[in-house]
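> Predicted coordinates and the sequence they were generated for:
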Amino acid sequence: MSTGASDPDAGEHDRAVVSEERARAFLAAGELELLGRIPWASNATLLAKVTHEGLEGLAVYKPARGERPLWDFPNGTLYRREVAAYLVSEQLGWRLVPPTLARDGPLGIGSVQLYVDADPEVTAFELLADGNPSMARIAAFDVVTNNADRKAGHCLAGQDGHVWAIDHGLCFHVQAKLRTVLWDLAGEPLEAADLADLEALAAAAAGGGALAAVLGELLDPDEVAAMARRARALARIGRLPAPQGDRAYPWPLV
């Protein structure tokens with residue numbers, strides 16, 4: 001994949017392209033060198049240089065100890081929600097969330113996500129205006145994960161044109177908390193293949209298998225069950241929902 005790791009000895013054509021499996025090993029076992037804090041993040045969000053077996057690149061490290069207490073999410077759980085979002089994206093097969101895992105780092109346990117080298121001028125607003133087909137999937141993903149903070153800047157256009165979704169610490173709450181800038185897609189029907197993926201996700205999350213087990217280590221059982229219900233309901237309705245209530249948008253929007 002071509003998000004943020006590169007082989008220094010690779011040719012120009014192959015530079016910054018590694019497999020998903022290699023990216024996870026890179027994040028899990030690589031040496032983390034903190035480069036500095038990403039200043040616009042509300043919680044401690046750090047840019048780190050990662051080196052591992054000939055690969056070097058960047059990652060975003062979010063230590064649990066740097067999470068600000070919230071009234072509606074349990075303390076010290078946001079990094080786990082970042083990892084759970086990646087696992088749900090992978091189960092769906094949609095490849096929306098960059099490789100993300102939990103590991104110990106210079107500031108303790110936290111999430112580590114492969115850095116996306118993205119065009120800073122392109123946000124969800126530009127992607128929506130261009131009719132990018134990835135946005136409907138991101139909107140559906142946010143419904144399923146109950147994303148309470150889908151800002152425009154949380155959708156990134158990679159250098160290869162792939163669209164990524166980041167910042168999923170405020171996801172998976174049992175109570176309805178969907179706040180997003182993607183309401184322009186309300187009422188849009190989802191592709192039949194995507195509906196099948198959602199049904200499969202619901203079955204996997206509720207079926208007591210591998211996905212249910214790993215999500216159960218990251219989230220409360222009620223949160224996993226609620227996610228499965230949302231996935232099944234969206235698959236059966238077949239279209240993206242309309243906003244409900246007066247708190248449907250995040251702030252700030254970008």
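Yes, it's here. Computed from a predicted model, the values in this text were never measured in an experiment.
> all contacts plus neighbour counts: C-alpha atoms, from now on.
Noted.
> what distance separates the strand or helix carrying Arg230 from the middle of the whole chain?
Per DSSP states H and E: Arg230 is located in helix 221-237. Centroid separation for helix 221-237 versus its chain: 17 Å, with CA atoms, centre = their mean, to the nearest Å.
> Flag every buried residue along that helix.
221, 223-232, 234-235 (16 or more other CA atoms under 10 Å).
> where does the chain dip in pLDDT?
1-18 (pLDDT under 70).
> Now render the buried residues of helix 221-237 as a markdown table, adding distance to Phe172.
Output for the buried residues of helix 221-237, formatted as a markdown table (distance: CA to CA, whole Å):
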| residue | distance to Phe172 |
| --- | --- |
| Pro221 | 11 |
| Glu223 | 6 |
| Val224 | 8 |
| Ala225 | 10 |
| Ala226 | 8 |
| Met227 | 7 |
| Ala228 | 10 |
| Arg229 | 12 |
| Arg230 | 10 |
| Ala231 | 12 |
| Arg232 | 15 |
| Leu234 | 15 |
| Ala235 | 18 |
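> out of those, which one sits closest to His173?
His173 has its nearest neighbour among those in Glu223, at 6.1 Å by CA to CA.
> got the residue ranges for the helices in the stretch 51-200 of the chain?
In the stretch 51-200 of the chain, the segments counted as helices under DSSP state H, counting those that start in this stretch are 78-92, 124-129, 134-145, 192-206.
> For my notes, please list the ones you listed in CSV and give distance to Val163 and mean neighbour count for each entry.
Shown next, in CSV, are the helices of the stretch 51-200 of the chain (distance: least, CA to CA, whole Å; neighbours: other CA atoms under 10 Å):
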stretch, distance to Val163, mean neighbour count
helix 78-92, 13, 23
helix 124-129, 9, 17
helix 134-145, 7, 22
helix 192-206, 17, 19
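> got those helices as JSON lines, with distance to Val50 columns?
Shown next, in JSON lines, are these (distance: least, CA to CA, whole Å):
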{"stretch": "helix 78-92", "distance to Val50": "18"}
{"stretch": "helix 124-129", "distance to Val50": "28"}
{"stretch": "helix 134-145", "distance to Val50": "28"}
{"stretch": "helix 192-206", "distance to Val50": "32"}
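> what about the nearest residue to Glu67 once chain neighbours are set aside, how many neighbours?
Sequence neighbours aside, Asn43 is the residue nearest to Glu67 in space, at 5.1 Å (criterion: CA to CA, 6 or more residues apart in numbering). Under the neighbour criterion other CA atoms under 10 Å, Asn43 is assigned a count of 19.
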